[in-house]
Each structure stands twice: as structure tokens, then as C-alpha cells.
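> pasting the sequence and the predicted model now:
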Amino acid sequence: MIEKEITILIADDHPIFQRGLQQIIETDKRLKIVAAVNDGESALETLRKLKPNVAVLDVVMPRKDGFAVLNAVKSENLPCEIILLTMYKEERFFNAALDAGVKGYVLKDSAVSEITNAIHAVARGENFISPMLSTFLIKRLNLSEKHKNSPLESLTASERRVLKLVSEAKNNKQIADELFISIRTVENHRSNICAKLNLEGKNALLTYALTNKSEI
């Protein structure tokens, strides 16, 4: 049985890295690159026009970063799976990506050996995470398991991330910057958290977050 061809968009503002990525992907005859761009705005415009199966996006790009493009794809229900490429081996970026609903998260350091497998995986509807980040994934799963018998179970992953940052005494702007979301979205998350945990009063959320910091 012949597998269906997978169409791909690449968005990365480093020409040498982008070309190297193209060369690796083109070695697989089942993969077809339909466009390669160097900024987020062009990536989004191309996604709307060509509707490729998979988009490989650098996290850091001019004119919309990878997270902004990912959020737009989700909000517009574009028929495309996203792989984020990153040089950052930081847990906060990893959790922000998974909270945003990304299917693939690949370190640039290991993209040469992982990118084709990542594309095939997300095209099948599966997830692909660089093995070097497995510790972050295990911590995330353990945290999810811990919350099963807690009032925090009612919160979404995004709401739990916001609550954790509240427990670190960060304001709405700092939370928005760290999670790559708008201040309005942070405010909505805070409101939803209060409603789910039956918290009332100006400082109720902060008090709860500080009191239960070890469980968040």
C-alpha cells in the first residue's frame, strides 16, 4: 500500500538551518515541502492559502513567533499539525507548547536525526517530543496524576500553569509574557480558576496559590 504524500511548510529565519532542514526532509520521498518562509506572518498566510498537512515552525521568528502562529492555527481551525523547533531546553517553554496543543516539539540540536520521524508522527495524529526532553514529560505526567484526587483536578493544564505563576507572585503581564498569551487571556484564566475553586474576594486567588504552592 502506497502511503499518502505529506505536504509541509517550513518557517525559520536562519537560511542555513532552513536549507539543511529542507535537504533532510527531501530525502524522504513521502514528504513534500510546498513552501519555506522566514517569518511568522508569512507562515500564517501560507498556511491559510496552501493548507499543508504539517507546519515546522521555529519558536523564535520575526513578525509572529511560533507560538503566535500555533495559536492562530488553533483559533482558525486550520487543517494542519504543528511541530515547533526550539533551541531552548527549558521546562517553561516545553509546558507552554503542550498547553497550547502542539503535537510535535523538537530541539534544534537533534532536528537532523528527528525531524522526519516527527513529521510522520504528527501527520498520523500522534505526538512527538525530542527524547532529550523526556524528563520534562515525565514530570508533567506525574503532576497530572497527583492532581487526580485534588480540587485542582478541575483545572485545565493552562489554568494550572497560570495558578503556579500566581503562586510565584507574578502579575498578569509577567504571566502573559511567560506563557505567550495575552493579558486578557490571563484574566479569563484567573476568573475561571476562581469559579472552579469557589474563591471569592480580591486576594482569594493569591492566598490560595500561596497556601497550596507545593501542590500546584
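Happy to help now that I have it.
> the most centrally placed residue in the chain in helix, strand or coil?
The centre of the chain sits closest to Ala97, judged by Cα atoms, centre = their mean, with a distance of 1.9 Å. Under the three-state scheme (DSSP: H, G, I helix; E, B strand; the rest coil), Ala97 adopts helix.
> surely it and Phe67 touch.
Yes. Taking contacts as Cβ atoms under 8 Å, Ala97 lies within contact range of Phe67: 7.4 Å. In this view, the C-beta of every residue, glycine as well, is placed from N, C-alpha and C.
> overlap in contacts, those two.
Common neighbours of Ala97 and Phe67, using Cβ atoms under 8 Å, 6 or more residues apart in numbering, are Val59, Leu84.
> re the thing from before, if I look at the residue nearest to the centre of the chain, how far off is Ser75?
Relative to Ser75, Ala97 is positioned 16 Å away (Cβ to Cβ, to the nearest Å).
> can you name the residues in contact with the helix or strand where Glu41 lies?
Element membership of Glu41 [criterion: DSSP states H and E] is helix 40-50. For helix 40-50, the external contacting residues (Cβ under 8 Å, 6+ apart) are 7, 9, 11, 34-35, 37, 52, 55, 57, 61-66, 68-69, 72-73, 76, 78, 80.
> now stretch 118-129
Contacts for stretch 118-129 (Cβ under 8 Å, 6+ apart): 6, 8, 25, 30-31, 53-54, 56, 81-83, 103-106, 114, 117, 137.
> give me that answer again for 6 Å
Stretch 118-129 has contacts (Cβ atoms under 6 Å, 6 or more residues apart in numbering) with Ile6, Asn53, Val54, Glu81, Ile83, Lys103, Gly104, Tyr105, Val106, Leu137.
> count of neighbours near the residue nearest to Leu21 when sequence neighbours are not counted?
Once flanking residues are discounted, Leu21 sits nearest to Ile10: 5.9 Å by Cβ to Cβ, 6 or more residues apart in numbering. Neighbourhood size, Ile10 [other Cβ atoms under 10 Å]: 26.
> and after the host helix or strand of Ile10, which helix or strand comes next?
When elements are assigned from DSSP H and E, Ile10 belongs to strand 6-11. Downstream of strand 6-11, the next assigned helix or strand under DSSP H and E is helix 15-25.
> next, count neighbours for the residue lying closest to Ala204 once chain neighbours are set aside.
Closest residue to Ala204 apart from its sequence neighbours, by Cβ to Cβ, 6+ apart: Cys194 at 6.7 Å. Neighbours of Cys194 under the rule other Cβ under 10 Å: 15.
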